[in-house]
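Peer 1: Any chance you could fold what I've pasted below:
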Amino acid sequence: MAHNLNQAPNGKIALMYCGEVPWHGLGTRLNGPATSAEALTAAQLDWDVLKVPLWAGVGMTSYPVPRHHALVRSDLWGTSRYPILGVVGDGYEPLQNAEAFRFFDEIVGSKEAIYHTAGALGQGERIWLLAKLPKSDFEVVPGDKVEPYLLLVNGHDGHTPIQIKLTTVRVVCQNTVIRALEQGPTQRVHHGEGMRQRLWGAAKLLGVVQQEIAGYQKSSQAMAQYSMGPAKLATYLNAVFPDPQRKPDQPPDRQSPMLEVMHRHRTRSAYYYDCGRGNHLPNVRGTLWAALNGVTEYVDHELTSDKSPDDRFRAVLYGRGQQIKQKAYHEAEVWLKRGVN
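Peer 2: Here you go, the predicted model:
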């Protein structure tokens, strides 16, 4: 199955955004943040997921497959274009798109214009919502603003759980750092019995998120006071992008390509440490905060730039790119805990 940004039957990309045009230049632009109803319509996510019986056929004969169902879109079922999003068992419960939006309304407040981006990947196998958290922006240093968002990823492919994460966006360069919530009742919810009870039990999640934001603000401001230098920067980047361990039976020529890849990752991250957007600010230059953002800018704006829009979203939000950024943030926090400057 081709993995492209989900295209609706009318030919338009199923994506909505507000503010500046995204790097891919696709989707429906709104003048400002949308309510859940507006975002659902603009992103063309106003369809349900159906569980339909699964049949297997040989020649002219077909048989029902016991306890298995296909997941399909209600708006495409019965047409000549009906992708099967996934195959599931009897106990699988889909979380409908409208339910996911209502869940966010429960956390932040109904009728609030908070949705900044929403869309689908592939043929609709995964959807995501990005909601701005009101009255939670802060500055790491004067002129370096960070905006917190809440990200929800919901899978219609039969194996991706509902995931809720804190996302921070550094405004000056649009770098993103996504953190799994460390506490609270709902971070990953699987599609099964009791799903809705566990999900809707997260109405108090906003308090947990605010605690996470406060912790992130404290850490990032401490990073901006942590002075780096060439030797420390090299040590930090070596920890984020370590050379692969050579296996005893592995010839040197098998290892050299990965050595080159890691060397490039470190070199380009070091470039953004010096020349990245926002890293020239007097209270940012030469700090651990600049080193972290050197990695995140490299990942968000260069490392993934040659990927298809679908693959780039996947990498930045919850794929390989996000794993690198989480490692970079974790390593920066380790340095702070050491207390050596």
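Peer 1: who's in contact with Tyr298?
Peer 2: Tyr298 makes contact with 265, 268-269, 271-272 under the criterion Cβ atoms under 8 Å, 6 or more residues apart in numbering. Bear in mind the C-beta positions are built from the backbone N, C-alpha and C, glycine included.
Peer 1: Apologies, that question was intended for Pro242.
Peer 2: Per Cβ under 8 Å, 6+ apart, neighbours of Pro242: Met262.
Peer 1: May I ask which helix or strand encompasses it?
Peer 2: Per DSSP states H and E, Pro242 falls between elements, in no helix or strand.
Peer 1: For Cys18, grab the count of nearby residues.
Peer 2: Neighbours of Cys18 under the rule other Cβ atoms under 10 Å: 19.
Peer 1: Would you confirm that it contacts Leu130?
Peer 2: No: here Cys18 does not reach Leu130: they are 10.2 Å apart, not a contact under Cβ atoms under 8 Å.
Peer 1: Are there residues contacting both of those two? Which ones?
Peer 2: Shared contacts of Cys18 and Leu130, defined by Cβ under 8 Å, 6+ apart, comprise 115-117.
Peer 1: Restricted to strands, list those residues.
Peer 2: Counted as lying in strands by DSSP state E, out of these, are 115-117.
Peer 1: which among those gets closest to Ala34?
Peer 2: Ala34 has its nearest neighbour among those in Tyr115, at 4.5 Å by Cβ to Cβ.
Peer 1: and the strand or helix carrying Val146, what does it pack onto?
Peer 2: Using DSSP H and E, Val146 sits within strand 144-155. If you count contacts as 3 or more Cβ pairs under 8 Å, 6 or more residues apart in numbering; DSSP states H and E, strand 144-155 packs onto helix 97-108, strand 126-132, strand 138-141, strand 162-170, helix 205-223, helix 309-318.
Peer 1: repeat that for 6 Å
Peer 2: Where contact means 3 or more Cβ pairs under 6 Å, 6 or more residues apart in numbering; DSSP states H and E, strand 144-155 is packed against strand 126-132, strand 162-170.
Peer 1: can you put those in JSON lines and add mean pLDDT and distance to Glu212?
Peer 2: Listed next are these as JSON lines, based on pLDDT from 0 to 100; distance: least, Cβ to Cβ, whole Å:
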{"stretch": "strand 126-132", "mean pLDDT": "85", "distance to Glu212": "15"}
{"stretch": "strand 162-170", "mean pLDDT": "83", "distance to Glu212": "5"}
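Peer 1: follow-up on the earlier one: could I have the strand holding Val146 exported to CSV, CA atoms only?
Peer 2: Provided in CSV are the C-alpha atoms of strand 144-155 (Å, rounded to 0.1, in the frame of the first residue of the first chain):
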residue,chain,number,x,y,z
ASP,A,144,13.3,32.5,22.6
LYS,A,145,9.7,31.5,22.9
VAL,A,146,8.5,27.9,23.4
GLU,A,147,4.8,26.9,22.7
PRO,A,148,3.5,23.7,24.3
TYR,A,149,1.0,21.5,22.4
LEU,A,150,-0.7,18.2,23.1
LEU,A,151,-0.4,15.5,20.4
LEU,A,152,-2.8,12.6,19.9
VAL,A,153,-2.0,9.8,17.5
ASN,A,154,-4.8,7.3,16.9
GLY,A,155,-4.3,4.2,14.8
